[in-house]
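Participant: Give me coordinates for this.
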Amino acid sequence: MGIIKDAKLDALRKEAERALQEGRWVFAPRLNTPATQHNFSGSISGWAEMIEMIESLGWGMAHWSVSTDPKGRPEAYPLFRRRA
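Facilitator: Prediction:
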C-alpha cells in the first residue's frame with residue numbers, strides 16, 4: 001500500500017484497538033474516499049483492507065451506511081459490534 005493508505009490503516013487500527021481496550025461494544029469509524037479515486041465503478045481504494053483489519057481485531061460489521069462529503073465523494077459509516 002502507499003504511505004497515505006498505510007497511515008490511514010494504522011490510525012484506524014489504533015482506534016479500533018483502543019475501543020476494545022476501553023470495553024466498548026460498538027465501533028463506528030468514518031471511511032473516506034481517497035482524493036485519487038477514479039470515477040468508474042469498482043472497489044474504493046483501501047476500504048476492503050480497512051474492513052478486514054477491523055474484523056481481524058474481533059469486531060464484526062453490523063450495519064453499513066454511505067453518504068457523500070461536501071465535494072460529492074462517497075463516505076462510509078460502518079457500525080461494528082464486538083464479537084462475543
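Participant: And the helices in this structure?
Facilitator: Per DSSP state H, the chain carries helices over the ranges 3-21, 47-56.
Participant: So which of those is the most surrounded?
Facilitator: Neighbour counts (mean count of other CB atoms under 10 Å) averaged over each of the helices of the chain peak at helix 47-56, with a mean of 15. Heads up, the C-betas are built off the backbone N, CA and C, glycines and all.
Participant: Let me know the angle separating that helix from helix 3-21.
Facilitator: Compare the direction of helix 47-56 with that of helix 3-21 by axes from the mean of the first three to the mean of the last three CA atoms, to 10 degrees and you get 20 degrees.
Participant: Show me what helix 47-56 is packed against.
Facilitator: With contacts taken as 3 or more CB pairs under 8 Å, 6 or more residues apart in numbering; DSSP states H and E, helix 47-56 sits against helix 3-21, strand 59-68, strand 74-82.
Participant: Out of these, which is closest to residue 53?
Facilitator: Nearest to residue 53, of all the helices and strands packed on helix 47-56, is helix 3-21, at 5.8 Å by CB to CB.
Participant: So for the closest one, mean pLDDT?
Facilitator: Helix 3-21 carries an average pLDDT of 91.
Participant: Dump the C-alpha coordinates for that helix into PDB.
Facilitator: Extracted in PDB, the C-alpha atoms of helix 3-21 (Å, rounded to 0.1, in the frame of the first residue of the first chain):
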ATOM      1  CA  ILE A   3       2.200   5.900   2.600                       C
ATOM      2  CA  ILE A   4      -1.200   7.600   3.000                       C
ATOM      3  CA  LYS A   5      -3.100   4.300   2.900                       C
ATOM      4  CA  ASP A   6      -0.800   2.800   5.400                       C
ATOM      5  CA  ALA A   7      -1.100   5.800   7.700                       C
ATOM      6  CA  LYS A   8      -5.000   5.600   7.500                       C
ATOM      7  CA  LEU A   9      -4.900   1.900   8.200                       C
ATOM      8  CA  ASP A  10      -2.600   2.400  11.200                       C
ATOM      9  CA  ALA A  11      -4.700   5.200  12.700                       C
ATOM     10  CA  LEU A  12      -7.900   3.100  12.200                       C
ATOM     11  CA  ARG A  13      -6.200   0.100  13.800                       C
ATOM     12  CA  LYS A  14      -5.200   2.100  16.900                       C
ATOM     13  CA  GLU A  15      -8.800   3.500  17.200                       C
ATOM     14  CA  ALA A  16     -10.300   0.000  16.900                       C
ATOM     15  CA  GLU A  17      -7.800  -1.500  19.400                       C
ATOM     16  CA  ARG A  18      -8.400   1.400  21.900                       C
ATOM     17  CA  ALA A  19     -12.200   0.800  21.600                       C
ATOM     18  CA  LEU A  20     -11.700  -2.800  22.600                       C
ATOM     19  CA  GLN A  21      -9.300  -1.900  25.400                       C
END
